[in-house]
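J.: what's the 3D shape of this:
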Amino acid sequence: MHHDALQASLSEYEFSRKMAIQVEEDEHKLGQSTNNFNLSHHFIKEHQMLVQLDELLMKCESRDENEEWHQLGRWIRYEEAVEKGAQRFGKPKLSSLSFHALLQLRHCFEIGAVMLDLNLDSYENVFEGIVEEMVRTNTVHRTDRDHLLHLLKLPRRHTFQPSFQPPEGTLRTFGRYFGFRGNKECDSNVTTQMTNGQNISPKRAAHTRRRSVFPWDRAPWNTELLKRLSTDAEAASVSVGTSAKLRHLCIAFVRLHPDTYIENQVELPLPLRYLFVILGPITPNLDFHEIGRSLCALLANRSFRDACSCALDRTDIIQAINDFLDESTVIPPGDWELDKFVEHDFIRTHRVRHTLGSRRRALVTRPVELDQYLLDEEKRKKNDPLRRTGVVFGGLKREVQKRYPYYISDLTDAFNLQCVRCVIFIFLTCFFPALTFGAIIGEITNGEIGMIETLLATSLGGITFALLSTQPLIVMGVVGSMLIFEESLYEFSSVNGFPYLAMRFWVSVWAFLFAAVVVCFEGSLLIRNVTRFSDDILSALISVIFFSECIRFLWTIFSENPLMTAEQYCNSSLQDMLRLDNNSTSSTRHSNAQPNTALLAVFFTAATFLIAFALRRVRNSRYFGRQVRRALGDFGLSISVILMVVFDKVLISASTLTSTLNITIELLPSAERSWLVNIFEWPSEGTPLPMAAILPGFLLFFLLFTETLVCEMMLLNPQLKVKKGTGYHFDLLLSGLLLVANALFGLPWLCAASMRTTAHIHSLTLYRLRAPGQKPSIVGLREQRLTTVALHALIGSTLLFPSVLKSIPQSVLFGVFLYLGVMNLTSSQMLSRSILFFVPVKYHPSVSYCLRVRTWRMHAFTTIQLLCFIIVCFIKSHNSTAFAFPLAVLMAVAVRQFLLPKLFTSIELMALDGIDEEPSQDGDFYEDSRKPALLSSFNVDETF
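T.: Residues are numbered from 1 along each chain as shown. From the prediction side, this is the model:
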């Protein structure tokens with residue numbers, strides 16, 4: 001049966017291909033059909049469209065003519081209604097239409113004049129041609145002809161027009177705007193010069209003879225709105241109104257071919273494609289305004305516009321209205337609450353079902369699209385960077401051959417203002433986390449590796465990676481998982497009597513060898529097995545370690561500087577005075593204790609965290625403009641640190657009250673040793689270091705593999721439109737080599753930092769403005785090397801200013817540590833599902849894992865994930881097994897891939913461990929840094 005169905009599908013496909021070939025032959029022979037409809041409309045390119053609604057109203061001033069057209073709204077994708085009192089456009093919104101008005105609109109197309117591809121070359125005025133065609137087809141009574149023409153020629157008042165004339169430079173501003181857009185989106189040489197000096201495209205210049213002359217020198221065009229439209233945008237005008245002098249209803253829908261300019265018909269100088277007019281006497285049960293809104297909303301819908309472009313007669317347009325009604329959702333009347341207005345999951349499900357159905361119908365009925373789809377799929381599989389070549393080091397060779405020819409452009413493409421802004425932003429984003437990790441690593445290694453080594457490793461390793469890698473947009477640095485492994489390895493070395501720095505070297509050598517083997521046999525595709533299940537566990541572990549380090553720091557501060565009662569403080573001060581009088585040098589444990597030091601440490605830690613967290617909340621608030629909110633959210637951590645440092649220096653007079661960073665003025669190791677590590681230093685008895693480092697080396701490789709390839713998958717997102725290649729194999733091998741080099745000189749291990757890389761990508765992304773209400777669309781990414789080089793060079797240059805670094809209180813950096821721990825839990829689905837244990841079912845959010853999975857099965861999945869997390873924490877909490885926590889995370893990956901598919905269905909796993917369907921807010925780089933792990937779920941990419 002399956003074979004018969006396949007044969008039937010192939011036969012249908014071959015039949016569709018023959019029909020398409022026959023249509024193309026008929027089109028070539030006939031050229032143009034008898035009803036003046038060009039068959040090429042079936043294959044026209046989609047144009048962006050501005051739809052404007054005008055209504056005939058009385059003038060505010062008393063003049064000779066007491067009527068004119070007033071703009072009441074516009075549509076590009078969403079509706080922007082004119083606020084009558086404020087005389088400005090309201091917020092973009094989805095149009096809520098009256099079902100009765102839609103039925104009336106359909107009736108208008110049944111009884112009114114429908115003129116498709118109307119040729120107006122023989123008329124001096126467009127409206128004269130339209131009225132004459134209406135009279136000729138008997139859709140307008142001859143007694144109404146003159147007054148109808150008079151009404152259509154009345155002046156139009158647009159909302160943006162001021163009462164005064166614009167300055168003389170308007171023409172130059174408008175010309176510069178179109179010149180700027182032409183350079184970006186089309187060939188600037190392919191333009192035609194108009195008689196008044198305005199540059200337009202050849203398509204628009206071809207209509208110069210037929211269009212009315214624009215008042216370019218005096219019309220105040222809305223250039224801000226023009227920037228959001230494409231150069232080939234078109235317009236549609238909908239005019240509604242009542243007049244007592246009209247005795248009959250006048251309805252006309254006109255499709256102009258080619259598109260025609262009409263002076264001041266819409267608020268922007270765009271060619272007019274559609275024109276709809278409904279005028280008549282006041283008619284009961286006929287709401288002209290709602291009929292006009294309904295048609296505007298339909299014309300703003302791409303599917304309806306496509307149907308109008310391909311329509312042969314009025315029946316096709318009426319069918320398009322019926323299709324629109326079929327896809328619409330009716331809201332019942334009654335007294336209901338606004339929070340229950342729409343069921344979001346129903347809307348999403350309905351939209352996905354409609355999209356898939358439309359795609360299937362298109363692939364069956366239009367075989368050309370099916371051929372293109374199959375070609376795109378074949379091309380996508382061929383260009384998959386994780387596709388095996390079957391050759392030793394084949395993936396590495398492919399990446400080098402694709403990326404290195406772009407090396408010169410990687411240098412030249414960085415010379416622009418956006419890259420300069422990117423360097424400033426990313427430096428402030430990366431510098432303070434680097435300082436924080438440097439302070440923490442000094443604490444956990446008892447000073448064997450400290451602040452100087454961290455900044456030096458970040459600078460030199462980052463520059464080396466930026467210059468040599470095949471994906472130089474990745475930012476290198478110390479990350480949470482590596483920091484935890486450093487602490488675990490230090491404890492393991494201390495327990496077993498191994499020299500820590502020598503042990504690090506041999507561990508890194510083994511990690512590099514494992515990386516070389518994986519790259520040799522193209523094993524990077526194993527990253528597809530890392531899903532949200534294991535990612536949430538590792539993120540939660542990192543956050544717990546960060547929180548515990550902050551608590552341990554504050555506990556130490558309170559132990560050294562305990563709080564005292566007033567009596568204890570007075571007695572302590574009296575004893576200090578007596579000792580000074582007796583020249584005594586003895587002191588007790590807390591003789592120099594400063595209770596205010598502990599209190600200030602708590603204040604600085606909490607204030608740094610709260611200010612940064614509050615500024616991040618501003619990002620999605622209603623305050624300020626969008627760009628200001630984004631800037632405050634992105635720079636929130638840097639702003640909080642700077643404020644606390646200034647507060648400490650200006651308002652805290654006693655320098656002994658705060659403990660600052662311990663950093664030397666000279667560029668020397670933190671411990672008393674040489675820069676080169678003695679790698680042959682190990683105990684004469686027991687297991688040699690190279691053998692003892694095999695298992696830790698494999699665990700270090702697993703962390704390196706996960707962190708590096710997760711960042712690489714981030715750049716695989718098709719929305720970023722990366723063109724110069726990726727680095728799944730070469731960058732992994734280069735990162736392993738940097739591990740060995742850093743360990744040889746006693747520097748901390750580096751790997752790809754996902755949060756910092758995401759911030760770097762965000763600052764280099766090119767956006768294009770879109771219609772009001774729509775988010776800017778990504779048009780590309782500035783792929784180059786110099787921003788990463790400049791970033792790491794700036795981080796290294798801070799070592800030249802040790803006095804500035806020493807002025808930063810330690811408690812401020814632990815506030816940064818606390819903030820990073822909280823941000824690491826951002827969008828953690830495991831945490832969200834754990835909270836639902838205590839939430840009644842009726843209050844569960846409308847998300848996929850609540851709607852598509854039974855509650856008890858969702859809780860079972862969460863319980864398994866929490867058990868894996870507890871096991872990982874248990875292994876990490878013991879000094880003898882702490883270094884093996886990556887092995888526990890690897891076991892969580894195995895549980896997800898082999899055990900959970902036997903307990904849950906694929907649909908349930910897609911909902912519980914898949915991609916978030918539609919984030920409600922504009923996420924920052926802390927949230928987006930988790931996206932690569934989600935994209936690898938189920939081996940599904942976003943191109944589907």
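J.: just the CA atoms of the helix or strand containing Thr787, as PDB, please.
T.: Thr787 belongs to helix 786-797 when assigned by DSSP states H and E. The C-alpha coordinates for helix 786-797 follow below in PDB (Å, rounded to 0.1, in the frame of the first residue of the first chain):
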ATOM      1  CA  LEU A 786      39.600  42.700  14.600                       C
ATOM      2  CA  THR A 787      36.900  43.300  17.200                       C
ATOM      3  CA  THR A 788      37.900  40.100  19.000                       C
ATOM      4  CA  VAL A 789      41.500  41.000  18.800                       C
ATOM      5  CA  ALA A 790      40.900  44.600  20.100                       C
ATOM      6  CA  LEU A 791      38.700  43.200  22.900                       C
ATOM      7  CA  HIS A 792      41.400  40.900  24.300                       C
ATOM      8  CA  ALA A 793      44.100  43.500  23.700                       C
ATOM      9  CA  LEU A 794      42.100  46.000  25.900                       C
ATOM     10  CA  ILE A 795      41.700  43.400  28.600                       C
ATOM     11  CA  GLY A 796      45.500  42.800  28.600                       C
ATOM     12  CA  SER A 797      46.200  46.500  28.700                       C
END
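J.: pull out the buried residues from whichever helix or strand comes after it.
T.: Later in the chain than helix 786-797, the nearest helix or strand by DSSP H and E is helix 802-806. For helix 802-806, the neighbour count (16 or more other CB atoms under 10 Å) marks 802, 805 as buried. The way it works is simple: take the backbone N, C-alpha and C, and place the C-beta from them, glycine included.
J.: give me the next element, helix or strand, following helix 802-806.
T.: Downstream of helix 802-806, the next assigned helix or strand under DSSP H and E is helix 810-823.
J.: chain center to the helix or strand just after that following helix: distance?
T.: Where DSSP H and E defines the elements, the next helix or strand beyond helix 810-823 is helix 829-835. Relative to its chain's centre, helix 829-835 lies at 23 Å (CA atoms, centre = their mean, to the nearest Å).
J.: stretch 752-765 now?
T.: Computed by CA atoms, centre = their mean, the chain-centroid distance of stretch 752-765 equals 11 Å.
J.: state the mean pLDDT of that stretch.
T.: The average pLDDT within stretch 752-765 is 87.
J.: which element, helix or strand, includes Ser621?
T.: Here Ser621 sits in a region with no helix or strand, counting by DSSP H and E.
J.: just the strands in the stretch 451-600 of the chain please.
T.: Under the criterion DSSP state E, counting those that start in this stretch, strands of the stretch 451-600 of the chain are mapped to 476-477.
J.: any stretches of it with poor pLDDT?
T.: Within the stretch 451-600 of the chain, the segments meeting pLDDT under 70 span 564-595.
J.: re earlier: which other helices and strands does the helix holding Thr787 contact?
T.: The elements that helix 786-797 packs onto, with contact taken as 3 or more CB pairs under 8 Å, 6 or more residues apart in numbering; DSSP states H and E, are helix 417-444, helix 451-468, helix 754-764.
J.: export these as a markdown table, with columns for mean neighbour count and distance to Val277.
T.: Output for the helices and strands packed on helix 786-797, formatted as a markdown table (neighbours: other CB atoms under 10 Å; distance: least, CB to CB, whole Å):
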| stretch | mean neighbour count | distance to Val277 |
| --- | --- | --- |
| helix 417-444 | 21 | 47 |
| helix 451-468 | 23 | 62 |
| helix 754-764 | 24 | 47 |
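J.: turn these into CSV, columns for distance to Val391.
T.: As requested, the helices and strands packed on helix 786-797 are arranged in CSV below (distance: least, CB to CB, whole Å):
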stretch, distance to Val391
helix 417-444, 36
helix 451-468, 22
helix 754-764, 29
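J.: for Leu739, which of these is the nearest?
T.: Leu739 lies closest to helix 451-468 among the helices and strands packed on helix 786-797, at 9.4 Å (CB to CB).
J.: any idea how far that closest one is from the chain center?
T.: 28 Å.
J.: also stretch 719-728?
T.: Centroid separation between stretch 719-728 and its chain, computed with CA atoms, centre = their mean, is 16 Å.
J.: what's in contact with it?
T.: Outside stretch 719-728, the residues within contact range by CB atoms under 8 Å, 6 or more residues apart in numbering are 385-386, 395, 399, 402-403, 406, 409-410, 469-471, 474, 524, 527, 709, 712, 715-716, 734, 761, 765, 778-781, 783, 942.
J.: what subset of those residues is buried?
T.: Neighbour-count burial (16+ other CB under 10 Å) is assigned, among the contacts of stretch 719-728, to 385-386, 395, 399, 402-403, 406, 410, 469-471, 474, 524, 527, 709, 712, 715-716, 734, 761, 765, 781, 783.
J.: with just CA atoms, put stretch 699-714 into PDB.
T.: Output in PDB follows, covering the C-alpha atoms of stretch 699-714 (Å, rounded to 0.1, in the frame of the first residue of the first chain):
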ATOM      1  CA  LEU A 699      36.700  15.000  31.700                       C
ATOM      2  CA  LEU A 700      38.400  18.300  30.800                       C
ATOM      3  CA  PHE A 701      38.000  17.400  27.100                       C
ATOM      4  CA  PHE A 702      34.300  16.800  27.600                       C
ATOM      5  CA  LEU A 703      33.800  20.300  29.100                       C
ATOM      6  CA  LEU A 704      35.900  21.800  26.300                       C
ATOM      7  CA  PHE A 705      33.900  19.900  23.700                       C
ATOM      8  CA  THR A 706      30.600  21.000  25.100                       C
ATOM      9  CA  GLU A 707      31.400  24.700  25.700                       C
ATOM     10  CA  THR A 708      33.200  25.200  22.300                       C
ATOM     11  CA  LEU A 709      30.700  23.400  20.100                       C
ATOM     12  CA  VAL A 710      27.700  25.000  21.900                       C
ATOM     13  CA  CYS A 711      29.100  28.400  20.800                       C
ATOM     14  CA  GLU A 712      29.700  27.100  17.300                       C
ATOM     15  CA  MET A 713      26.100  26.000  17.100                       C
ATOM     16  CA  MET A 714      25.000  29.400  18.200                       C
END
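J.: circling back to that earlier point, return the subset of the buried ones among the contacts of stretch 719-728 lying in helices.
T.: Among these, the members falling in helices (DSSP state H) are 395, 399, 402-403, 410, 709, 712, 734, 761.
J.: that older thread, between the helices and strands packed on helix 786-797, which gets nearest to Gln810?
T.: Distance to Gln810, taken as CB to CB, is lowest for helix 417-444 among these, at 6.3 Å.
J.: the closest one - contacts with which helices or strands?
T.: Partner elements for helix 417-444 (3+ CB pairs under 8 Å, 6+ apart): helix 451-468, strand 476-477, helix 480-496, helix 532-560, helix 636-651, helix 754-764, helix 786-797, helix 810-823.
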